[in-house]
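1. A predicted structure for the sequence below; I have some questions about it.
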Amino acid sequence: MKAAVLTGLRQVELADVPMPKIRDEKDILLKTEVVGVCGSDIHYYKEGRIGDQAVSYPYRVGHEFSATVVDVGREVSRVRQGDRVAVDPAICCGRCVQCRAGRENTCLNLRFLGCPGQAEGCLSEYIVMPEHCCFRVPETISFEEAAIVEPLSIGLYAATTSVPLKNASVGILGCGPIGLSVMLPTVAAGARHVYMTDKINSRLKVAGAQGADWTGNPLEKDIVDEIIEREPELLDVVFECCGQQDALDQAVELLKPGGKLMIIGIPAEERISFPINEMRRKELTLQNVRRQNNCVQAAIDFISEGHEVNFMITHRFNLEETGAAFDLVGDYRDGVVKALIFP
């Protein structure tokens, strides 16, 4: 079968790789329909690593995807041939102390698609996944929308584990797919005001059109002063969705005493810092968000209820154009928000 494979920094090639096979009685053979390009894919493409997770070439990335069930193992019961599915790319063991505590997202034996040292990604025509990672989607949800389920599940998880959002004042720093995926459930939950920032004006326009009450570009204005002018009592929660040191600094300034900082963005640097005196005086709570936990079905239901996600999709490519897709996303060109690849 065909697969898009990283062969070096900013290098990707179309390769013939072995067809995957069902080896476990709860395995499912999937035909990959749509793959979303994620920021973590771009880190591996441009820098060859995220933290201590370094690519050993050749390597296949990709983890946001929808698929059609081709074949199933003998003990599979939740899906059958021909079903359309959204896929959770996190393969947990179900046995370790974290899994037993209901924290599958921090499983001690976790294997995540497209993560070096764990599992090859989904940028291929076919892939095998365990049954517990496959979620049937209704006919009312397209394959493109089903590919958005993975980032949306992260947004739902972050939103629902932050603070009570009804009537809350909320900041979302970063208007990429994750920031927008946080915005949707935040608005739906009845937040009083949602403030969003980004350094790309086209993304700010998208956020404003889809529910943000105020948007601002930190390269063009002092977003902290402007938000504080509107919210003199400061914000209840800030979601940092871009992995930038300046955004983390802004978040600490914007939060009210007792506020909560949710860190979702992945910094390119190994270390970040905080103004500890201000954090201590304000008694701020800081929570890292590790992907999502048991929110895939909730994301499917959220879309099924009529919440629009197609606005995130801006570009489409075939498998042979994977390099072009990665360059577009990595360089933030042409107003890209979410690029999709069709194997």
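-> In hand now; what should we look at? Numbering: from 1, shown residues only.
2. The residue positioned nearest the centre of the chain: what secondary structure?
-> Among the residues of the chain, residue 151 comes closest to the average C-alpha position under C-alpha atoms, centre = their mean, at 3.3 Å. Secondary structure state of residue 151, per DSSP: H, G, I helix; E, B strand; the rest coil, is helix.
3. Now do the contacts for it.
-> Residue 151 makes contact with 36, 38, 64, 177, 178, 181, 338 under the criterion C-beta atoms under 8 Å, 6 or more residues apart in numbering. In this view, the C-beta of every residue, glycine as well, is placed from N, C-alpha and C.
4. how close does residue 112 sit to residue 133?
-> 11 Å (C-beta to C-beta, to the nearest Å).
5. Which residues does stretch 3-21 contact?
-> 1-2, 29, 44-48, 55, 57-62, 123-128, 319-320, 322-323, 326-327, 330, 341.
6. go on, stretch 218-228?
-> Outside stretch 218-228, the residues that reach it (C-beta under 8 Å, 6+ apart) are 171, 195, 197, 199, 214, 216-217, 234-235, 246-247, 250, 253-254.
7. Which two among those are spaced furthest apart?
-> Every pair in these was compared (C-beta to C-beta); the two farthest apart turn out to be 199 and 234, at 22.5 Å.
8. quick one: the helices in the stretch 151-300 of the chain?
-> Applying DSSP state H, counting those that start in this stretch to the stretch 151-300 of the chain gives helices spanning 177-188, 201-209, 223-230, 245-254, 276-282, 296-304.
9. Buried deepest among these, which one?
-> helix 177-188 (a mean of 25; mean count of other C-beta atoms under 10 Å).
10. can you redo the helices of the stretch 151-300 of the chain as TSV with mean pLDDT and distance to residue 116?
-> Shown next, in TSV, are these (pLDDT from 0 to 100; distance: least, C-beta to C-beta, whole Å):
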stretch	mean pLDDT	distance to residue 116
helix 177-188	98	21
helix 201-209	98	29
helix 223-230	98	35
helix 245-254	98	25
helix 276-282	97	33
helix 296-304	98	23
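11. per-residue confidence at residue 148?
-> Reading off the confidence values, residue 148 has pLDDT 98.
12. Neighbours of the residue lying closest to residue 156 once chain neighbours are set aside, how many?
-> Of all residues not flanking residue 156 in the chain, residue 295 sits nearest, at 4.6 Å (C-beta to C-beta, 6 or more residues apart in numbering). If you count neighbours by other C-beta atoms under 10 Å, residue 295 ends up with 26.
13. same thing with residue 220?
-> Neighbour count for residue 220, taken as other C-beta under 10 Å: 10.
14. Let the chain start at 34 from now.
-> Taking 34 as the first residue, the last one we looked at is residue 253.
15. Domains of the chain: list them as residue ranges, please.
-> According to automatic domain parsing, the chain is divided into the following domains: 35-186+325-375, 195-321.
16. And what about residue 48, helix, strand or coil?
-> Three-state assignment for residue 48 (three-state DSSP): strand.
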